[in-house]
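# Below are the sequence and a predicted model for it; my questions follow.
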Amino acid sequence: MFGRLLDDVGENLRLLSLLLAPPGQDLVRLLRSDPGLPGGGEWLARYQDDGELLEHMQEEHTRLFVTGFPRLAAPPYAAEYLDEEPGRLLASLEEQLAATGLQVSGRGTGRPDHLRVLLEAAGHLADARGRHVFLDRYLVPWLPVYRERLESAARLPLYPALVEAVESLVLSETDENSHERGFVAT
Amino acid sequence: MSVGLSRREFLKAGAGLAALSLVPPASGRPVPTPGQPDRHAGRPVQAIPSLCEMCFWRCGILGKRSGNQLLGIEGNPDHPLNQGRLCARGLAGSRLLYDPDRLKHPLIRIGKRGEGRWRRASWDEALDRVAEGFKQTLERHGPNGIAYFPHGASSRYFKALMRRLGAQRFASASFGQCRGPRDTGYGLTFGSGPGSPERLDFENADAILLLGSHLGENVHTSQIREFTDALASGARLIVVDPRYSVAASKAQLWLPLRPGTDIALLQALMRYLLDNGLYDRDYVTRYCKGAAQLKVAVAHATPEWAAAVTDLPQEKIEAAARLLSEARPRTLIHPGRFSAWYGNDTQRSRALAILTALLGAWGRGGGIFPAGSMRLGGLCCNQAQQPETDAPPQRPPFIHEGYPFQDLVRDSQGEGENPVGLWFLYGANLLHSMPDPQRTVAALKHQDFVFMVDVLPTEPAQYADIILPEATYLERYDAPLAVVNTRRPFVALRQPVVQPLYEARDPYWIARELGRRLGVTDCLECADMAEAIDRQLAVAGSSLAEVARTGILDGGEPPPYVPLRFRTPSGKVELYSQRLAAASLDPVPRYRPLPQAPAGFLRLSNGRSPYHSFTRSMNNAWLTELAPVNAMWLNDRVAAAMGLADGVEVELENQDGVRSGPVPLKVTPGIRPELVFLPHGWGQQAPALGIANGRGASDNRLMTRFAEDPETGATGLRVNFVRLVVDGRVLDASGPETLGIAPEPRAVPMPQPYAEPDHLEEETEAPDGDSDEEEWSEWIEEGC
C-alpha cells in the first residue's frame, strides 16, 4: 500500500514519469530521504555508497528500458502490446499530443507511446474525463502484462514497485466508481 | 550519504528530464516535405522519396509519414532501378525503425567484456571516452594499431577520418567475403569490375550463364525483374550449381558439378570454343591479348577430362558450350557477387571473365555493358593533409585497399609485428561475416579498446567498451550515390523520412564529433550531412533542395557500346595477365583439386534467404514471421543411408568439433551428395536481440577454417566440413563412392610453359576515360 504521492492527479502522473527517467543523483537523494516512496525501502540499505547505488540503478534502468542484455524483456512502448502498427498508433498519439500543445521532447524517450510520455501526457490533461479516456485507451490494456514482464526481468525492487504504483494510479483513475482521485491504491 | 530531497523538489528539479515539451520542434534542417497529398486521421500524409537499406541494392522508396511517424513504405515508381517494386525486406523496413531492441542511447560498459552490463551515457561522455581510446592507441601503437571494420555506404565518413589519422588497416566483408575476388579477377582481365549493381544487359541477352549465382534466393529487386523478363522473352539459361536452386529450376541446362571444380568446367568450355572455332574471333583479335597462352593453359581440358573432374556428362558440357556460342555476343555470363568460396576465387572469376571475352560479350549488347559516368564532389575532407604514417604492413598484391581480416585478427592477439590495440566496428557483424568467429572473439577480448556504431546491438556488442547508436536509413541522409551501373546513369539520394528516434545520430555527425575531439578540423568540416551533400551535388550542377524533391537526378544519355576501352596495362583484355605473372601467380586460370572431405563429413555450403539480408534483418518481426528458421539441405540418398527423414531436427558439428543448431532437415534430390547447404544469417548468439537470438543454426560459426585467395587475401569458407548430430548422436555420412559416384581424378595435367604473350612488349597506356577509375581504384563498401 502506497500513500498519497502528491495532492494533484496530474502531478502524481508527472512525478511517476520522472521517477522512471534515467536515474541521477536526485533520485538517489529522494529515495534515501523518502522511505514511503514507491520503489524505496530496505533494499537501499544494502548500498552504503551512493555512487555504487547510482551505478546499479543506471545499469538496471538501461537493461529494463533502453537496451537489454539479455534482451529488452519488457519494452516500455504501448505499440508492443496493443497489437497495432507502430507507425499508425504513434501518429494518432502524436496528433493527440499536438492537440494539447505538446510534443515528445528532444531525444529523450524517442516515441510518443513510451510509458513515460503517456504518463506525462495524461498528467497534462486538465479534464478528468479526457484523462480517463486517454489512460483507458493507451495504458490500461497493457499495464498488467507489462508489470508482470518487468517484475520477471528486474533485479532491483525499484522499477517493479514504481510500475506497480503506476498501474494502481491508472486503474484508480479509470475506475468509474472511484471517488477519491489522487491516491495510489494497491 | 546524500542530502535529502522532497517529492515536489524532485518534480521541480526534474524538468529537464521531462518526456514532453511545449516548445516547437527541434531546430535544425527540416525534413523535406514533398509528396502526394493524403490524409491520416485528419492530418496530411507525406510521401518522402528516399532509398532502402534493408540490403545494399538501394531501391527507391516512398516513406509515408504523418507528423514524425512512419505509416509505411512503398516502392518509388519513379526510381530507375526498382520502378516501384520492393521485396519483402524493403516493405518491412518500418519494423527496423520501431524495433524495441534498437540502440537508443550511447552505452558505456560497466562490467567485464562479455558480461553484458551497461549504463546509458550522454553523447559527450561517450565520444570523449572513444577519443581517449584513440589517443591511447595512437600513442602506444601508432596508426597501424587501429583496425577499422566498415560496412555500408556511410562508412566513407569514418574511413576519411581514419585516413586522416593515418590509419589504413581496414577490413570489410564486402571485399574479403564477397566481391573482392570477383572484382579483382575482372579488373585484371578487363581493367574494371562488373559493377555493383552489375552492368548486366538481361534485356538483350539470348543466353544466360549463372555459375553459383542464386538469383531468386539472392533477391536484388531490379536484377530479379530483369532476369525473369529475359526468361519470359525466351533467353536460354544455363545454371552451374551443385544445388537445384530456384534459378536452376528455370534452366534449360542445369549442371550440378562436383563442388569446387568450377575452374575445370570453365577451362573445358573455353577449350571447346577455341578448338571448334566457336569463339568470337573478331573480338578476340581486336581487343584481347594472350590468346595463344590461353590455348596452352586449357589444352588439357577436353570435355572428357572435365566430365571426369566435374562429374557432369560430357555431352552436357559440350551442349553448354554450343548454347553459349550460338547466342554470342548476346551471352550474359553472370559474374556472380558472393565470390569467396574456395581460395581460388580470383582465378575462378578470371576464368568467367575470360569466357565472357571469348564470347565477345564484354561491352556489347546482351552482355556486360559499359559503365556510365556521373561526377559528384568529394567528401569534405582535406586528404592532402594526411599525416606521415608508419610503414604499412605487407598485404596481398591485388587487394584493393585495407588488409585481410585474418591478418588483423592475428595482429590483434600479439602474434604479429604490427600489434593492433583498437577495434572500431561500424555496422559490421564480424562474428557472422568473417571466418573463425571463435578466434575473432578472442581478438576482441584482447583489445585495449573496442567501440562500435550500429543500429542494433548485434553479437559483437557484448565485447564493446562503447556502443554508439546510429540513425536508421529512414532517419538520416547518406552521401548521394552516383549509380553508373545502369543503362542510364543517375544520382540517388537517401534522405530522412522521419526525424531520428531516441538519441540515434547520423554517421557524418558522429565522425565529425569524434574528429573534433581528436584535433582533426580539416576533415568533415561541413556543418552537417546536408551541407556536405549540397557540396557534392553542386559539382553535378544540382543541389540538395532540387534532388530532395524526387530523390533522383538523371544522368542523361547512356554511354555508347563502342569504342571499348580497357584499363589494363596493355589497354586490351588480358587473357594472360602479366601482372599476375609478375607476382608469381597463375597468369591464366589453372585448375587445382580441393582438399577432400574427411571420412564421414560433408562439405558445408551456404547461401541466402530471399527474406533476409544476412544477419541484419534477423530481428525484424515481419521477416521472421516469413522465414523464422533456416533448414539444412541434405541429399535424399545420403539421408536414406543415414536413416534420416525430412523435417528431423539436427545439429551440425564441424571438423574442429564446433557445433551449431538445431535446424530442421530438408531432404531433397536437389543437392549433390558431397554437400550440405545452410542459408546464412541465423544462429546469432546476441542476447540483446529479442527475436534473432538463438534462432536457427549459424553457418559462420562452423567455418573455423578458410582458404586464402593469394591474389586478394579473401577467405574462402567452403572448405569446412560437417557431420550431423541427431539426439546427441554424431552420425557419419556415407561417402559419395558408396552411392556409385566415381572419385575425382586428383592428378591434373600441368600446362606447357607459356610463351611470351603476344605483343606484350607493345604495352600501351591505359586509355583515358572516366567511367571505371573509381571502381577499380577505391573499394566501395556494399553488401553481398
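Perfect, I can see it now.
# Can you report how many residues lie near B:Arg375?
Residues near B:Arg375, counting by other C-beta atoms under 10 Å in any protein chain shown, number 13. Where C-beta positions appear, they are placed from N, C-alpha and C, glycine not excepted.
# Could you check how many residues crowd around the closest residue to it other than its chain neighbours?
Excluding the flanking residues, the one nearest B:Arg375 by C-beta to C-beta, 6 or more residues apart in numbering or on different chains is B:Val539, at 5.7 Å. Look at B:Val539: counted by other C-beta under 10 Å, it has 12 neighbours.
# Wait, B:Val539 touches B:Gly377, no?
Yes. Using C-beta atoms under 8 Å, B:Val539 is in contact with B:Gly377, at 3.8 Å.
# Quick check: phi and psi on the residue of the stretch 151-300 of chain B found nearest chain A?
Nearest residue of the stretch 151-300 of chain B to chain A: B:Ser154, at 19.6 Å (C-beta to the nearest C-beta). Backbone torsions of B:Ser154, given as degrees, to the nearest 10, read phi -80, psi 0.
# Tell me if I'm right that it and B:Asp478 touch.
Yes. With contacts counted by C-beta under 8 Å, B:Ser154 reaches B:Asp478, the gap being 5.3 Å.
# quick one: which of those two has more around it?
Ranked by neighbour count (other C-beta under 10 Å), B:Ser154 and B:Asp478 place B:Ser154 first, with 28 against 24.
# low-confidence ranges in chain B?
B:1-2, B:21-42, B:383-385, B:388-390, B:415, B:750-779 (pLDDT under 70).
# let me fix that: chain A
A:1-4, A:106-109, A:176-186.
# So the longest helix along it, near chain B or not?
The helix that spans the most residues within chain A, counting by DSSP state H, is helix A:158-174. No. Contact of helix A:158-174 with chain B is not found when judged by C-beta under 8 Å from any C-beta of the partner chain; the minimum separation is 12.3 Å.
# For that helix, name the packing helices and strands.
Here helix A:158-174 touches helix A:9-19, helix A:50-61, helix A:115-124, helix A:128-138, helix A:143-153, going by 3 or more C-beta pairs under 8 Å, 6 or more residues apart in numbering or on different chains; DSSP states H and E.
# Quick one: these as TSV, columns for mean neighbour count and distance to chain B too.
Formatted as TSV, those follow (neighbours: other C-beta atoms under 10 Å in any protein chain shown; distance: least, C-beta to the nearest C-beta, whole Å):
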stretch	mean neighbour count	distance to chain B
helix A:9-19	24	4
helix A:50-61	18	4
helix A:115-124	25	4
helix A:128-138	17	13
helix A:143-153	17	11
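# Compare the ones you listed and report which one is nearest to A:Gly68.
Of all the helices and strands packed on helix A:158-174, it is helix A:143-153 that lies closest to A:Gly68, at 7.4 Å by C-beta to C-beta.
# can you list contacts of that closest one?
Residues outside helix A:143-153 that contact it (C-beta atoms under 8 Å, 6 or more residues apart in numbering or on different chains) are A:63-64, A:68, A:73-74, A:76, A:81, A:115, A:159-160, A:163-164, A:166-167, A:170-171.
# so, if you compare these, which one comes nearest to B:Val453?
The nearest member of the contacts of helix A:143-153 to B:Val453, counting by C-beta to C-beta, is A:Gly68 at 19.6 Å.
# which non-adjacent residue is nearest the closest one?
Ranked by C-beta to C-beta, 6+ apart and with sequence neighbours excluded, the top spatial neighbour of A:Gly68 is B:Ala688, at 5.8 Å.
# check contacts around the one you found.
A:67-72, B:101, B:116, B:456-457, B:461 are the contacts of B:Ala688 under C-beta under 8 Å, 6+ apart.
# Report back the residue of chain A that's furthest from centre.
A:Gln48 (26.9 Å; C-alpha atoms, centre = their mean).
# Kindly report the residues of the stretch 101-250 of chain B close to chain A.
Counting by C-beta under 8 Å from any C-beta, the stretch 101-250 of chain B sits next to chain A at B:101, B:103-105, B:107, B:110, B:116-120.
# Which of those are buried? Put it as a ChimeraX command.
Buried subset of these, written as a ChimeraX selection, criterion 16 or more other C-beta atoms under 10 Å in any protein chain shown:
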select /B:101,103,104,105,107,116,118,119,120
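# Out of the residues of the stretch 101-250 of chain B next to chain A, which sit inside strands?
Within those, residues falling in strands by DSSP state E are B:107, B:118-120.
# Switch the residues you listed over to CSV; also include distance to B:Asp448.
Putting those into CSV (distance: C-beta to C-beta, whole Å) gives the following:
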residue, distance to B:Asp448
B:Leu107, 19
B:Trp118, 19
B:Arg119, 21
B:Arg120, 24
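# Would you mind checking which of the residues you listed is nearest to B:Lys12?
B:Arg120 (23.1 Å).
# didn't that closest one look like it was pressed against A:Glu60?
No. Using C-beta under 8 Å, B:Arg120 is not in contact with A:Glu60, being 11.0 Å away.
# Neighbouring strands - and their directions - for the longest strand along chain B?
For chain B, the longest strand by residue count, based on DSSP E, is strand B:659-668. Partner strands and pairing direction for strand B:659-668 (DSSP bridges) are strand B:632-635 (parallel), strand B:649-654 (antiparallel).
# what residues does it touch?
Contacts for strand B:659-668 (C-beta under 8 Å, 6+ apart): B:244, B:629-636, B:639, B:644-653, B:678, B:682-683, B:696-699, B:701-702, B:725.
# For stretch B:570-588, list every residue counted as buried.
B:570-581, B:585-588.
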